[in-house]
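Kindly return the folded structure for what I paste below:
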Amino acid sequence: MTTSSSERGVSLGMPELPAPGYADDVRARLERDAREIIARYPDSRSALLPLLHLVQAEEGHVTRTGMRFCADVLDLTTAEVTAVATFYSMYRRKPSGDYQVGVCTNTLCAVMGGDAIFEALQEHLGVGNGETTDDGKVTLEHIECNAACDFAPVVMVNWEFFDNQTVETAKRLVDDLREGVRVEPTRGAPLCTFKETARILAGFPDERDGAVEATGSAGPASLVGLRLARGEAAPARVVHPREGGPHDEPHDGAVHEPSPTEHLSSHDAPQKTSASDPAHPAGPTAEEGE
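Numbers count the residues shown, from 1 in each chain. Below is the predicted model:
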């Protein structure tokens, strides 16, 4: 004797209907932009990533309508487009805020305060990870490494850097965003909305006055190693390992050339090991079985 799906308490439901299309005027505008994007690539399929940013710029997240549009213009199946859109975390799958506030919780940022910042912002905003405030202004999420460890802890807003944050500065940042107060990233271009950011990521120029000129490179902390590799003089501020905190060495105006025993950080100072400490000689390594 067999039982039906309804008798087993299983509801198969109706198959999902095809996604609706864009309005004619919106589709015509997006098709013009799509042709420009596709023309950059020898294989049209390669245009899928920027096209997903394009449709995200239209609605603030990648909708089924947006994925259907990408499939149509690239002659792909919606399944192929969905596989890509769901793989990359920069594509949002549900409505989200004007400002994507991401708190880095990877190792260095976490121990420098990133975990505390993320927990405080969840309580302050009344949202969980990936959730949006009721006013639609801020979506909060924890994110993976921003490659800015020398400015930890780092918060990003629409992929712009806000370095060396604390719980209090992060709270003030999100409050300003919700109240419409102008905030300036630590580095890079002036802040814009998430939809505007998505269009820039699709490959279209940032046409705001001064935005391109404002974009910057790595900050000073990131460039110390590069300057040393080029043989440029190190700054006069020296940390002596095991002798307390940093202090400024007196100098007569001349550029200080650090000696081999001076280091910019106690982390890169030579430490005693079994090979260098006579009191703890390493000795020969015994052969296996001896």
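
how about the helices in this structure?
24-38, 48-59, 64-74, 78-85, 107-109, 115-125, 167-179, 194-201, 211-214, 220-229 (DSSP state H).

could those helices be laid out in CSV, adding mean pLDDT?
Formatted as CSV, those follow (pLDDT from 0 to 100):
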stretch, mean pLDDT
helix 24-38, 95
helix 48-59, 96
helix 64-74, 95
helix 78-85, 94
helix 107-109, 89
helix 115-125, 96
helix 167-179, 95
helix 194-201, 94
helix 211-214, 71
helix 220-229, 80
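
how about the ones you listed, which one is nearest residue 152?
Closest to residue 152 of the helices of the chain, according to C-beta to C-beta: helix 107-109, at 4.4 Å. C-betas here are computed from N, CA, C, even on glycine.

how about the closest one: buried residues?
Neighbour counts over helix 107-109 (16 or more other C-beta atoms under 10 Å) mark 108, 109 as buried.

neighbouring contacts of it?
103, 145, 146, 149, 152, 153, 154 (C-beta atoms under 8 Å, 6 or more residues apart in numbering).

again, only this time at 6 Å
149, 152, 153, 154 (C-beta atoms under 6 Å, 6 or more residues apart in numbering).

Number of residues surrounding residue 74?
19 (other C-beta atoms under 10 Å).

now it: how far from residue 204?
From residue 74 across to residue 204, the span is 18 Å (C-beta to C-beta, to the nearest Å).

And for residue 212?
Counting by C-beta to C-beta - residue 212 and residue 204 are separated by 12 Å.

who's more crowded, the two?
Neighbours were tallied for residue 212 and for residue 204 using other C-beta under 10 Å; the higher tally belongs to residue 204 (17 against 11).

Quick check: phi and psi on that one?
phi -100, psi 150 (degrees, to the nearest 10).

Report the separation between it and residue 51.
When residue 204 is compared with residue 51 (using C-beta to C-beta), they lie 12 Å apart.

Quick one: residues contacting residue 69.
Here residue 69 is in contact with residue 55 (C-beta under 6 Å, 6+ apart).

again, only this time at 8 Å
21, 22, 27, 30, 34, 51, 55.

Tell me the spacing between it and residue 118.
35 Å.

would you list the helices of the chain in JSON lines and tack on distance to residue 94?
Formatted as JSON lines, those follow (distance: least, C-beta to C-beta, whole Å):
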{"stretch": "helix 24-38", "distance to residue 94": "20"}
{"stretch": "helix 48-59", "distance to residue 94": "11"}
{"stretch": "helix 64-74", "distance to residue 94": "12"}
{"stretch": "helix 78-85", "distance to residue 94": "12"}
{"stretch": "helix 107-109", "distance to residue 94": "26"}
{"stretch": "helix 115-125", "distance to residue 94": "17"}
{"stretch": "helix 167-179", "distance to residue 94": "20"}
{"stretch": "helix 194-201", "distance to residue 94": "13"}
{"stretch": "helix 211-214", "distance to residue 94": "29"}
{"stretch": "helix 220-229", "distance to residue 94": "35"}
